[in-house]
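1. build me a model from this:
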Amino acid sequence: MAQCKYEKSYKDIETGEEKNYSCKKIAWRANKCKLHHERYLKPNTSEEIKEIFEEEKNNSKMHPNEPLLCIGYNLPTIELAEDKKIDFIIYFIDTKFRNKIDFSKIVFTKPISFNGANFHDEVSFTASTFEQKVDFDNAKILGKLCSFQFTKSSKSITFSYGEIHNATFNQIEFNEADFNHCTFLNKASFYKAKFYKNIIFEEAKFQNDSDFSEAEFMDDVNFNNSRFLDYANFSNVKFCKDSKTRFNGNISNISFLNTKMEGIDFGDKIMWKEIKNSESLMDKMRSKLNWKTNSDYKIYDERKLEKELKKNEKTNINLESIKNAYRSLRENFDLNLRYEIAGEFHVREMELRRRYVEKQNEESIFTVKKSIFWKHFSIYWIYNILAQYGQSYQRPICWTVFLITIATSYFFKNDVEHQVLEKLTYSPFDLLGKALARSLAGIIPFDIVNKPSATADIVLRLALLPVTGTFFIALKRKMERKLRH
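-> Reported below is the predicted structural model:
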């Protein structure tokens, strides 16, 4: 009888040593045995496959130092541990699980590898415990359910370059977790998950909603270049203050409500701007010229608030929590000496104050838009026009130059008319100098000459007073940041 010619090189999960696997079973067809031939597994042959698998599993139980090698197998629904405990190493490398798999509430005391495995139906590791290393690298979990709820891992667990549908990792406890380049093809939930050490989501891809709410990260976390193509809930998340938490790339779909962000390291390529399927001509020009506006720093929650209020007159979205998110971001960028971006978040917070207000009735607190008058003719509006809420000292300078120019022109015109009536012979340069000196008196206190018009001087001083005040506020804020750091 011909022997199965299936061969595969694999790495020892404990030592990393390269090993070779050669199947010793009798070939069924095309030089492959019944477990390796993809066409043999059918409803009427599944019991036979189970019996073969059970025999090999029982042999590993009898010889716990010998690993169970199920490399490249095609398996139906199988029972892994009747007593809910596995005391031997298992390799399910490149194994294809054709039917529903339930490995719930099993304690794995030895390492186990699912490297390159394919799960075609539902799979559950609910409430299982991994006491040693677990490898799901390159695995594809394609069923309607992938449950790791309440799972605990004492060592490292890796899902690098894997694909997972409907991932449910709620209330897991992972010592070390590596989701590097992992793709979540449907909703992914890590609600109340606990990560203790070396957490990596670098270049992971979340194609649908993802939920990390109330998760706890107790060591370094790496989300660099992860792509969140839909809503990502990071509300009420706890990041360790003494560790590094990294985000980079476009995070416009992430909500950080009620999450402290002071210790997060936002990379140089961080983007808050919403990804649009189509851009206007102006957006394309701005993108090519690398022009930015303050709206580019509008976080997900403010955009959601805007959309809700376009549909309804009021919304239950908490306005104060969005303001707190902007304050936390501002403090983060201030501490990292990135003052320009910190200022942009301060402006966004003030824009919220200008545009919206919270109200309360007997049932709840809700947010509504302010009236057009209070939105465009309020103190906030004036503060923005004059100094961009204290962030720009250039704007007050421009307003000062503008007002001084208007006042000088007015005073010069009056002096020329006065000279004609009185038949005086001052040169135009003398008259211009006196008009300029009189205008500058609005901000520099010295005696005014040529019998000034009291009304005009008072109007000029009143106009320059808020401009000068906002200039010193903006300058003070800029100097405080430099002196603080």
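2. avg pLDDT for the strand or helix carrying residue 375?
-> Applying DSSP states H and E as the criterion places residue 375 in helix 372-376. Per-region confidence: helix 372-376 scores 82 on mean pLDDT.
3. same check, this time on stretch 139-152
-> 94.
4. immediately after the helix or strand of the chain with the lowest mean pLDDT, which helix or strand?
-> The weakest-scoring helix or strand in the chain, judged by mean pLDDT, DSSP states H and E, is helix 281-289 (a mean of 54). Using DSSP H and E, the helix or strand that follows helix 281-289 towards the C-terminus is helix 300-311.
5. residue 474 touches residue 397, doesn't it?
-> No - using C-beta atoms under 8 Å, residue 474 makes no contact with residue 397, being 9.7 Å away. Every residue, glycine included, has its C-beta placed from N, CA and C.
6. and the two? which has more neighbours close in?
-> Neighbour tally, residue 474 and residue 397, criterion other C-beta atoms under 10 Å: the higher count belongs to residue 474, 23 against 14.
7. mind listing what the more buried one touches?
-> Taking C-beta atoms under 8 Å, 6 or more residues apart in numbering, we find residue 474 in contact with 387, 390, 391, 392, 393, 395, 396.
8. ok, now residue 81?
-> Contacts for residue 81 (C-beta under 8 Å, 6+ apart) come out as 103, 106.
9. give me the pLDDT value at it.
-> For residue 81, the model assigns a pLDDT of 84.
10. so it: helix, strand or coil?
-> coil (DSSP: H, G, I helix; E, B strand; the rest coil).
11. can you offset everything so residue one is 37?
-> Sure thing, new numbering starts at 37, so read that last one as residue 117.
12. what average pLDDT does the longest helix that the chain contains get?
-> The longest helix of the chain (DSSP state H) is helix 490-520. The average pLDDT within helix 490-520 is 79.
13. show me how far that helix is from its chain's centre.
-> Centroid separation for helix 490-520 versus its chain: 38 Å, with C-alpha atoms, centre = their mean, to the nearest Å.
14. return the member of the contacts of residue 510 nearest to residue 288.
-> residue 427 (22.1 Å; C-beta to C-beta).
15. how far out from the middle of the chain is the strand or helix carrying residue 420?
-> Assessed by DSSP H and E, residue 420 sits inside helix 415-423. The chain centroid and the centroid of helix 415-423 are separated by 31 Å under C-alpha atoms, centre = their mean.
16. now it against helix 490-520, angle please.
-> With axes from the mean of the first three to the mean of the last three C-alpha atoms, to 10 degrees defining the directions, helix 415-423 sits at 80 degrees from helix 490-520.
17. which SSE is immediately downstream of helix 415-423?
-> According to DSSP H and E, the helix or strand after helix 415-423 is helix 430-458.
18. domains of the chain?
-> Under the assignment named as automatic domain parsing, the residue ranges that make up the domains of the chain are 43-325, 330-413, 430-520.
19. give me the pLDDT value at residue 404.
-> 92.
20. and the gap between residue 377 and residue 101?
-> 58 Å (C-beta to C-beta, to the nearest Å).
21. in terms of neighbours, single out the busier of these two.
-> residue 377 (19 against 7).
22. tell me the bridge partners for residue 247.
-> Taking DSSP bridges, one obtains residue 225, residue 269 as the residues bridged to residue 247.
23. coming back round to it: between the helix holding residue 420 and helix 430-458, how big is the angle?
-> Using the same axes, to 10 degrees: helix 415-423 against helix 430-458 is 80 degrees.
24. circling back: out of the contacts of residue 510, who's nearest residue 293?
-> Distances from residue 293 to these, taken by C-beta to C-beta, are shortest for residue 427, at 23.9 Å.
25. which helix or strand contains residue 162?
-> Per DSSP H and E, residue 162 falls between elements, in no helix or strand.
26. for the closest residue in space to residue 378 that isn't next to it in sequence, give me phi and psi.
-> Ranked by C-beta to C-beta, 6 or more residues apart in numbering and with sequence neighbours excluded, the top spatial neighbour of residue 378 is residue 369, at 3.8 Å. With angles defined as degrees, to the nearest 10, residue 369 sits at phi -70, psi -30.
27. for residue 369, grab the count of nearby residues.
-> Using other C-beta under 10 Å as the criterion, the residues surrounding residue 369 number 20.
28. I'd assumed residue 377 was in contact with it.
-> Yes - counting by C-beta under 8 Å, residue 369 does reach residue 377; the two are 4.7 Å apart.
29. for residue 106, see how far away residue 160 is.
-> For residue 160, the distance to residue 106 - C-beta to C-beta - is 18 Å.
30. got it, and residue 200?
-> Counting by C-beta to C-beta, the gap from residue 200 to residue 106 is 21 Å.
31. neighbour count for those two, which is higher?
-> Neighbour count, other C-beta under 10 Å: between residue 200 and residue 106, residue 200 has more, with 25 against 22.
32. wait, what's in contact with the nearest residue to the more buried one once chain neighbours are set aside?
-> In this structure, residue 200 finds its nearest non-sequential neighbour in residue 177, 4.7 Å apart by C-beta to C-beta, 6+ apart. Contacts for residue 177 (C-beta under 8 Å, 6+ apart) come out as 155, 159, 198, 199, 200, 201, 203.
33. now do residue 210
-> Contacts of residue 210 by C-beta under 8 Å, 6+ apart are 187, 188, 189, 193, 229, 230, 231, 232, 235.
34. using the three-state scheme, assign the closest residue to it other than its chain neighbours.
-> Leaving aside its chain neighbours, residue 210 sits nearest to residue 189 (4.8 Å; criterion: C-beta to C-beta, 6+ apart). Three-state call for residue 189 (three-state DSSP): strand.
35. residues near residue 189, how many?
-> Close neighbours of residue 189, defined as other C-beta under 10 Å, add up to 24.
36. what's the answer for residue 241, then?
-> 16.
37. and if you look at the one 5 residues further on?
-> Look at residue 246: counted by other C-beta under 10 Å, it has 25 neighbours.
38. just checking, it touches residue 263?
-> No - in this structure, residue 246 is not within contact of residue 263 by C-beta under 8 Å, at 10.6 Å.
39. ok, for residue 468, nearest residue in space, not its chain neighbours?
-> Excluding its sequence neighbours, the residue lying closest to residue 468 (C-beta to C-beta, 6+ apart) is residue 448, at 5.6 Å.
40. and if you look at residue 140?
-> residue 162 (4.3 Å).
41. residue ranges with poor pLDDT in the chain?
-> Residue ranges of the chain with pLDDT under 70: 312-328, 458-461, 480-490, 516-521.
42. at 50 what do you get?
-> Across the chain, the ranges flagged by pLDDT under 50 are 325, 482-487.
43. returning to what we had before: spit out the contact partners of the residue nearest to residue 468.
-> 467, 468, 471.
44. closest one to residue 120 out of these, please.
-> Nearest to residue 120 among those, with distances taken as C-beta to C-beta, is residue 471, at 94.0 Å.
45. what residues are up against the closest one?
-> Counting by C-beta under 8 Å, 6+ apart, residue 471 has contacts 443, 444, 445, 447, 448, 451.
46. out of those, who's the most crowded?
-> Busiest of those [other C-beta under 10 Å] is residue 447, holding 25 neighbours.
47. let me know the closest of the contacts of residue 510 to residue 268.
-> Taking C-beta to C-beta as the measure, residue 427 is the one of the contacts of residue 510 closest to residue 268, at 28.6 Å.
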